[in-house]
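> Can you look at this prediction? I've put the sequence above it.
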Amino acid sequence: MVSAASVKTIFKKTFSIALIFNSLISIACVAGIIYGYYQAYPYWKPYEPFLINGNIFWLAILAGLINIFPGAAIGRALHTGRFLFHHYVYGFFVLASTTAIVGVYTGLNVISIFFIDSNTVVVNAGRCFFLAGLALFLDDLPDVNRHVERGLNWIKRGAYQIRKTLHIVQFITGIFAFYCALSILLSTFQNSVRWLPNSFVIVSLFITAITSFALEKQGAWLKITRPKTTTSH
């Protein structure tokens, strides 16, 4: 019989992966918008008159990036054990399968599907599954290899030194993520044809913004600890 503690642990782990997944969706969706913005510059002003400037989307991307580490830290603090394999094995399998399927059915490489405007099932499903696989992979990234773990610890050491700055930036970028989501939402009311494709980025950015505010309130970046220095023999 599964105990209440085990259910709570699994829920928190799932929640952690969901936060990473949402951050990746925000980053991918916004990256596609920025790509289109620069491709059509200066003729396309995205979501005007609600969005002041398309370059603001870079701050929304930063919000997603800053949320990944504290989101992953929620899951890393738990002891869920393994089910047959580490998470990254499943993540790699999903990534490889999605890459192959997208290539066969669309003739495109899996990265390019994030920079095209398409409503086809294969393309949109490919985006979702690829990001889901990447979320699983990132959640378990330190266990992939000792060299990877050392590299991540090096990054964490640098983040520790600027943790107060990251704490402030997390809140500021969260505001801009919220502003971008609101701008797209108001623009979509004027152009209902774009409702379905825009809904993904609207919901994702709103969640990213709320996550930024919640993590900032909890002082997630302020609680980061300096990783122990390991010596190789």
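Thanks, I have it.

> rest of the way, CA atoms for contacts and neighbours
OK.

> And stretch 153-167, how far out from the chain middle?
Relative to its chain's centre, stretch 153-167 lies at 19 Å (C-alpha atoms, centre = their mean, to the nearest Å).

> try stretch 45-65
Per C-alpha atoms, centre = their mean, the centroid offset for stretch 45-65 relative to its chain is 16 Å.

> and what of stretch 51-66?
On the basis of C-alpha atoms, centre = their mean, stretch 51-66 sits 13 Å off its chain's mean C-alpha point.

> Go through that stretch and flag the buried ones.
Across stretch 51-66, burial judged by 16 or more other C-alpha atoms under 10 Å covers 51, 54, 56-66.

> quick one: the helices in this structure?
Counting by DSSP state H, the chain has helices at residues 4-40, 57-76, 87-106, 121-139, 146-161, 163-190, 195-218.

> need these in TSV with distance to F115 and mean pLDDT, can you?
Output for the helices of the chain, formatted as TSV (distance: least, C-alpha to C-alpha, whole Å; pLDDT from 0 to 100):
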stretch	distance to F115	mean pLDDT
helix 4-40	5	87
helix 57-76	15	90
helix 87-106	14	88
helix 121-139	11	89
helix 146-161	28	84
helix 163-190	18	96
helix 195-218	13	93
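
> Tell me which of these lies nearest to I113.
Closest to I113 of the helices of the chain is helix 121-139 (C-alpha to C-alpha; 6.3 Å).

> what are the C-alpha coordinates of that closest one, in CSV please?
Output of helix 121-139 as CSV, limited to C-alpha atoms (Å, rounded to 0.1, in the frame of the first residue of the first chain):
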residue,chain,number,x,y,z
VAL,A,121,-0.8,17.8,-35.5
VAL,A,122,2.6,16.2,-36.1
VAL,A,123,4.5,19.5,-35.7
ASN,A,124,2.6,20.6,-32.5
ALA,A,125,2.7,17.1,-31.0
GLY,A,126,6.4,16.9,-31.9
ARG,A,127,7.0,20.2,-30.1
CYS,A,128,5.2,19.0,-26.9
PHE,A,129,6.9,15.5,-26.8
PHE,A,130,10.4,16.9,-27.5
LEU,A,131,10.1,19.5,-24.7
ALA,A,132,8.6,16.8,-22.4
GLY,A,133,11.6,14.6,-23.1
LEU,A,134,13.9,17.5,-22.5
ALA,A,135,12.3,18.2,-19.2
LEU,A,136,12.8,14.7,-18.0
PHE,A,137,16.4,14.8,-19.2
LEU,A,138,17.1,18.1,-17.5
ASP,A,139,15.5,17.0,-14.3
